[in-house]
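A.B. asks: Would you be able to build a 3D model of this:
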Amino acid sequence: MTDKLSLLDRLKTGRPLLSDGAMGTMLHSRGITYEGCFDCLNLSHPGLVADLHREYIEAGAQIIQTNTFGANRYKLGRHGLADNLVKINAAGVELARRAVLASFKEILIAGDVGPLGVPLAPFGRVQVDEARAAFEEQISALSAAGVDLIIIETMTDLHEVIEAVKASKSVAPKLPVVASMTFTRDNRTLLGDSPAKVAKGIHEAGADIIGINCSGGPNQLLNILKQMKSALPEGLFSVMPNAGWPEQVEGRIMYSAGPDYFGDYAVSFWQAGACVIGGCCGTTPAHIKAMADKIEVTTSVEVIAKRDTDKSQTEQESEEVFPPTQMAQKLRDGKFVIAVEMDPPRGLSTGKLIAGASLLCQAGADVIDVADSPMARMRMSPWAVCSLVQRKVGVETTLHFPTRGRNLLRVQGDLLAAHALEVRNIFVVMGDPTSIGDYPGANDNYDLVPSGLIKLIKQGFNAGLDHAGTEIGQPTNFFVGCALNLNPVDMESELKNLRRKIKAGADFILTQPIYNPDLVARFHEAYEREDGKLPIPLIAGLLPLASARHAAFLQQEVPGIDIPAEVHQQMAESGTLGAKAGIRLTVELVEQIKDKVQGVYLMPAFSRFDHAAEIIEQIRGNS
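C.D. replies: Residues are numbered from 1 along each chain as shown. Down below sits the predicted model:
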């Protein structure tokens with residue numbers, strides 16, 4: 001067993017130590033299911049585990065982690081193996097030791113300790129002293145078996161990782177401790193702690209090295225590492241990213257970041273202050289070799305760590321920004337965006353909704369727009385629908401956010417809820433009056449007009465402030481759209497309202513449905529006469545016609561809709577093939593306007609998502 005100073009002496013050379021990569025990913029690739037007990041393989045399939053250790057050592061790993069991530073009493077208890085805890089942990093260390101001895105290399109063995117798998121009080125029933133006892137039990141077994149250090153990893157709760165560190169220092173005081181947490185997409189822990197708070201908390205608990213692992217890919221963890229190093233310049237840090245965010249492809253979990261990409265980031269991690277570098281989920285011996293090769297040919301780097309002591313904790317945290325939404329990135333990159341509107345269900349069933357969203361996503365839709373109580377009819381909350389679609393289908397959503405019927409308290413609470421659900425595209429509208437809906441006597445008041453709500457979001461929430469100017473902690477990063485009628489009764493009034501919305505900070509425009517391509521050109525001419533080129537993307541609304549009767553209804557009963565006579569004639573001539581004619585006319589209209597808009601917003605009539613999918617496929621095929 002290597003004592004603590006020998007490990008720290010190796011780090012004093014100024015060169016980082018390279019740890020191994022994923023164990024679970026590799027075991028799964030060899031036929032082991034995720035539902036099984038990976039730790040039990042130390043007893044049932046020792047050769048398989050030892051082979052993976054050998055591959056990582058050959059790839060250049062200087063630290064290998066034992067296959068004991070879940071070998072604590074709670075996780076083993078689910079498999080009826082809690083009584084075998086010492087045996088499983090000892091076997092994990094023995095397998096790693098044999099691989100090290102066979103390599104004839106100076107490799108450190110890290111006893112791997114994962115989360116208990118049960119929430120701690122006050123969020124669960126496991127008390128702090130019970131959690132510490134469970135960690136002490138596993139770490140004692142690892143220490144007795146002869147590990148060189150302890151790695152506590154993939155923790156989501158700062159309180160839990162602190163208890164694990166204290167447990168290690170209690171039962172194995174001579175062993176160095178790496179304590180590593182994982183972060184969500186917003187660069188916070190699952191319980192909302194910032195990188196700065198995590199670094200300071202782990203350091204104060206007594207860990208020798210502060211770690212970040214799992215989470216997203218190298219880019220996200222590099223940003224978190226920089227924040228931690230800035231908050232604690234004297235700290236030692238480890239970083240072990242996933243190979244990107246996982247995606248499910250035909251039932252398989254896939255990771256997108258390849259070995260060369262990891263190799264490129266290895267030196268960046270070193271420069272940002274990491275002294276231990278490795279990989280987590282989705283990484284393989286190839287990823288570790290790529291990093292080893294890059295580090296080997298780099299003689300030295302200057303570690304850059306700046307600390308601004310004049311900034312408050314709140315100011316430092318406010319600099320941690322969320323990445324732009326996919327829709328924002330696509331529009332910024334000049335891509336033609338296709339959005340499709342879906343209405344929430346009237347009851348509990350979401351099967352048809354998810355099936356429709358999946359069809360649209362497969363056809364090539366970029367974003368699903370979810371309406372909020374259209375026509376003032378009672379429906380499921382659009383927040384829930386957006387969250388379901390994003391989680392189950394994997395396509396981004398835009399939440400329609402009417403100001404009508406909401407006071408300032410509810411507006412701001414709803415915004416926070418949307419952001420917490422990772423719904424960050426917002427389409428601000430006035431909303432339909434309750435007098436036309438299911439509950440005509442319902443509250444119809446509002447504290448903000450659309451331009452006021454846009455200002456609240458863009459100049460308030462996105463700057464970390466609520467309507468009263470009180471700090472909300474971390475700024476949001478909403479991407480906000482506004483509405484536009486391209487066929488208004490008073491174009492000057494419509495333009496005046498649009499200017500207010502743009503001044504308030506609107507990021508994009510969604511229009512009401514159009515059928516005449518000339519309306520787009522006329523709008524641009526009218527806007528440019530006084531204001532110059534339109535500064536934000538324009539996305540044209542399109543409502544495919546289903547029949548001649550449908551066209552007549554829209555023309556006669558929906559304000560702002562004007563359908564040219566030739567379109568009415570073509571729909572009348574289509575007879576029973578009205579839907580086909582509507583699809584063709586919509587695709588033709590897109591061809592006529594696509595050089596004047598940055599995307600289209602489809603509103604399929606009667607929830608005919610199959611028609612919308614056909615339109616999307618034809619648009620994509622023509623582009």
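A.B. asks: quick one: residue 243 and residue 286 touch, right?
C.D. replies: No: in this structure, residue 243 is not within contact of residue 286 by C-beta atoms under 8 Å, at 10.2 Å. C-betas here are computed from N, CA, C, even on glycine.
A.B. asks: Please say which of these two ends up with more neighbours.
C.D. replies: residue 243 (26 against 16; other C-beta atoms under 10 Å).
A.B. asks: how many other residues sit next to residue 228?
C.D. replies: For residue 228, using other C-beta under 10 Å, the count is 30.
A.B. asks: Test my guess that it contacts residue 193.
C.D. replies: No: in this structure residue 228 lies outside contact range of residue 193 using C-beta under 8 Å: 11.6 Å.
A.B. asks: Need the residue closest to the centroid of this protein.
C.D. replies: Closest residue to the average C-alpha location of the chain: residue 185 at 4.2 Å, with C-alpha atoms, centre = their mean.
A.B. asks: List the contacts of it.
C.D. replies: Counting by C-beta atoms under 8 Å, 6 or more residues apart in numbering, residue 185 touches 216, 220, 245, 322, 323, 422.
A.B. asks: Could you do residue 159 as well?
C.D. replies: 120, 128.
A.B. asks: If we use 10 Å, what do you get?
C.D. replies: 120, 121, 122, 123, 128, 131, 191, 193, 201, 205 (C-beta atoms under 10 Å, 6 or more residues apart in numbering).
A.B. asks: before we move on, what about residue 270?
C.D. replies: 14-16, 239, 277, 291, 294-295, 298, 300-303.
A.B. asks: What of residue 508?
C.D. replies: Residue 508 touches 327-328, 331, 337, 339, 398, 425, 427, 479-482, 536-539, 598-599, counting by C-beta under 10 Å, 6+ apart.
A.B. asks: and the residue nearest to the centre of the chain, what helix or strand is that in?
C.D. replies: Under DSSP states H and E, no helix or strand contains residue 185.
A.B. asks: distance of it from residue 54?
C.D. replies: 35 Å (C-beta to C-beta, to the nearest Å).
A.B. asks: How about residue 229?
C.D. replies: On the measure of C-beta to C-beta, residue 229 and residue 54 end up 34 Å apart.
A.B. asks: just the strands in the stretch 151-300 of the chain please.
C.D. replies: Along the stretch 151-300 of the chain, the segments classed as strands by DSSP state E, counting those that start in this stretch run 177-181, 209-214, 237-241, 247-249, 252-254, 274-277.
A.B. asks: Determine which of these approaches residue 557 most closely.
C.D. replies: strand 247-249 (44.0 Å; C-beta to C-beta).
A.B. asks: still on that earlier bit, joint contacts of residue 243 and residue 286?
C.D. replies: In contact with both residue 243 and residue 286: 21, 258, 259, 262, 279, using C-beta under 10 Å, 6+ apart.
A.B. asks: just checking, next helix/strand downstream of the worst-scoring helix or strand of the chain on mean pLDDT?
C.D. replies: The helix or strand of the chain with the lowest confidence, counting by mean pLDDT, DSSP states H and E, is helix 313-318 at a mean of 44. Following helix 313-318 in sequence order, the next helix or strand is helix 326-332 (DSSP H and E).
A.B. asks: With only the CA atoms kept, save that following helix in CSV.
C.D. replies: Extracted in CSV, the C-alpha atoms of helix 326-332 (Å, rounded to 0.1, in the frame of the first residue of the first chain):
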residue,chain,number,x,y,z
GLN,A,326,-30.8,24.0,-29.6
MET,A,327,-33.3,26.2,-31.4
ALA,A,328,-31.3,29.3,-30.6
GLN,A,329,-28.1,27.6,-31.9
LYS,A,330,-29.7,26.5,-35.1
LEU,A,331,-31.1,30.0,-35.9
ARG,A,332,-27.8,31.5,-35.0
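A.B. asks: could you dump the contacts of residue 185 to a markdown table with neighbour count, pLDDT and distance to residue 77?
C.D. replies: Conversion of the contacts of residue 185 to a markdown table gives the following (neighbours: other C-beta atoms under 10 Å; pLDDT from 0 to 100; distance: C-beta to C-beta, whole Å):
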| residue | neighbour count | pLDDT | distance to residue 77 |
| --- | --- | --- | --- |
| 216 | 22 | 80 | 31 |
| 220 | 20 | 90 | 33 |
| 245 | 15 | 70 | 31 |
| 322 | 18 | 79 | 38 |
| 323 | 16 | 85 | 39 |
| 422 | 17 | 93 | 33 |
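A.B. asks: Quickly list what residue 180 is bridged to.
C.D. replies: residue 211 (DSSP bridges).
A.B. asks: shouldn't it be in contact with residue 241?
C.D. replies: No: judged on C-beta atoms under 10 Å, residue 180 makes no contact with residue 241 at a distance of 11.1 Å.
A.B. asks: Show me what the helix or strand containing residue 387 is packed against.
C.D. replies: The secondary structure element spanning residue 387 is helix 382-392 (assigned by DSSP H and E). Packing contacts for helix 382-392, counted by 3 or more C-beta pairs under 10 Å, 6 or more residues apart in numbering; DSSP states H and E, involve strand 337-342, helix 351-363, strand 367-370, strand 396-402, helix 408-420.
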